[in-house]
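1. Just to be clear, the model below is a prediction. Sequence and coordinates:
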Amino acid sequence: MCFIWACTKYFARRNPKIFVRISHPTAVLFVIVTTVFFVVLQMFYVVPQLFDVHGLMYKLVWLVEIFIAYNIFGNMLACHITSTSVESLPKDRQFPKPEEEHLWHYCDVCEKLMPPRSWHCILCKCCILKRDHHCIFTASCIGHNNQRYFFWFTLFMALGTGVALATHMIATLKFFSYSDLIFLKFPKDNLPPFWLVFTLILNTYVFAAPVSSVLMQLSVFQHNGTLHDFYSDTCDLGLWENFKLTLGEKGLWTFLSPTVKSPLSHDGTQWKIKRHHSPKLHFLRVSD
């Protein structure tokens, strides 16, 4: 995973235009094809081996699969269309007030002052509010305005591949007796079909990627940081408050759908920080 991360960063910096043209459609198509493949595989081949296709459990699994797929594609789309650049701010907030200028920093590329915690993206060609990273799977930068959607996108990807992995394992284990499992014996006359074993192995690898991404995001939430300042706890207000800053007023209710309205507490230009030598909280900009 680290090798892939390093390679993508290297090629992105060498030729940003070509990287965007190739990586964005390829990565987005990969997510779409992978999701559809595992839903079809689950519902038409794996789950029928566990439940009666006319029974209640099969219908419930269908509802779960539709809910997960809807949230994968919905949050993926919301992540892409939600602008989190400094340019998305109202015109009067794209420039600091006189008392805020010392808190903003100068971007050499954009050639103007930028809000605290914003960073320039060479692929988006602009500065991003609370930039976390550029995601090729959503073809967008992840920042203040769309991190909520990215978190649920990766979580539902992990949930979907996790459910698929669990049903795959149960369907595979049905071909073995308890004694076979205890003594690690493989029955010669009742082996699981090759396609089931192959897709189980494939599912295991696919499951690892979104899980690692979710764990990374949870680590970021823990300190209210970003991948730029991963180990910094300057803006850490406590786990629940950190979640609310990202998920908005509705908090965990945003799990239900990307269409749930959940306004953020601020526009991404003001941040509470805690001083290491003082228990009091301070603002990175003066309140209006």
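-> All right, it came through fine. Residues are numbered from 1 along each chain as shown.
2. C-alpha from now on. contacts and neighbour counts both.
-> Will do.
3. what about the helices in the protein?
-> 2-14, 16-41, 56-81, 147-173, 178-182, 194-223, 239-247 (DSSP state H).
4. which one of those helices has the most crowded surroundings?
-> Highest mean neighbour count of these: helix 147-173, a mean of 22 (counted as mean count of other CA atoms under 10 Å).
5. Rounded mean pLDDT for that helix, please.
-> Summarised as a single mean, pLDDT over helix 147-173 is 94.
6. tilt between it and helix 16-41?
-> Put simply, helix 147-173 runs at 40 degrees to helix 16-41, going by axes from the mean of the first three to the mean of the last three CA atoms, to 10 degrees.
7. Which strands or helices does helix 147-173 pack on?
-> Judged by 3 or more CA pairs under 8 Å, 6 or more residues apart in numbering; DSSP states H and E, helix 147-173 is in contact with helix 56-81, helix 194-223, helix 239-247.
8. Tell me which of the helices of the chain lies nearest to residue 48.
-> Nearest to residue 48, of all the helices of the chain, is helix 56-81, at 7.6 Å by CA to CA.
9. hmm, back to that, output the helices and strands packed on helix 147-173 as JSON lines; include the columns distance to residue 42.
-> JSON lines is the format used below for the helices and strands packed on helix 147-173 (distance: least, CA to CA, whole Å):
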{"stretch": "helix 56-81", "distance to residue 42": "9"}
{"stretch": "helix 194-223", "distance to residue 42": "10"}
{"stretch": "helix 239-247", "distance to residue 42": "31"}
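10. Residue 161: which of those helices is closest?
-> Nearest of these to residue 161, taken as CA to CA: helix 194-223 at 5.2 Å.
11. Could you tell me the least trusted of the helices of the chain?
-> Lowest mean pLDDT of the helices of the chain: helix 178-182, a mean of 57.
12. returning to what we had before: please tabulate the helices of the chain in TSV and include distance to residue 272 as additional columns.
-> TSV is the format used below for the helices of the chain (distance: least, CA to CA, whole Å):
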stretch	distance to residue 272
helix 2-14	31
helix 16-41	34
helix 56-81	25
helix 147-173	18
helix 178-182	55
helix 194-223	12
helix 239-247	11
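13. Of all those, which one is nearest residue 140?
-> Closest to residue 140 of those is helix 56-81 (CA to CA; 5.4 Å).
14. So for residue 230, which of the helices and strands packed on helix 147-173 sits nearest?
-> Across those, residue 230 has its closest neighbour in helix 194-223 (6.4 Å, CA to CA).
15. Next, the angle from that closest one to helix 239-247.
-> 110 degrees.
16. who does helix 194-223 touch, helix- and strand-wise?
-> helix 147-173, helix 239-247.
17. Tell me which of those lies nearest to residue 209.
-> Proximity to residue 209 (CA to CA) singles out helix 147-173 among the helices and strands packed on helix 194-223, at 8.0 Å.
18. now the angle from the closest one to helix 56-81?
-> Here helix 147-173 runs at an angle of 150 degrees relative to helix 56-81 (the same axes, to 10 degrees).
19. So which bits of stretch 89-101 are buried?
-> Counting neighbours by 16 or more other CA atoms under 10 Å, one finds that the buried residues in stretch 89-101 are 89, 94, 95, 96.
20. and it, how far apart are its ends?
-> 17 Å (CA to CA, to the nearest Å).
21. my guess is residue 236 contacts residue 273, does it?
-> Yes: counting by CA atoms under 8 Å, residue 273 is a contact partner of residue 236 at 7.1 Å.
22. Just the closest of the buried residues of stretch 89-101 to residue 130, please.
-> residue 89 (12.9 Å).
23. who's in contact with the closest one?
-> residue 267 (CA atoms under 8 Å, 6 or more residues apart in numbering).
24. Name all residues that make contact with residue 94.
-> 86, 87, 114.
25. Likewise for residue 160?
-> Contacts of residue 160 (CA under 8 Å, 6+ apart): 65, 68, 69.
26. Just put those residues in a markdown table and tack on distance to residue 171.
-> Shown next, in a markdown table, are the contacts of residue 160 (distance: CA to CA, whole Å):
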| residue | distance to residue 171 |
| --- | --- |
| 65 | 17 |
| 68 | 21 |
| 69 | 22 |
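27. Nearest to residue 37 among these?
-> For those, the minimum distance to residue 37 (CA to CA) is 11.3 Å, reached by residue 69.
28. Assess the claim that the closest one and residue 35 are in contact.
-> Yes: using CA under 8 Å, residue 69 is in contact with residue 35, at 7.2 Å.
29. can you tell me the distance between the two ends of stretch 83-101?
-> 24 Å.
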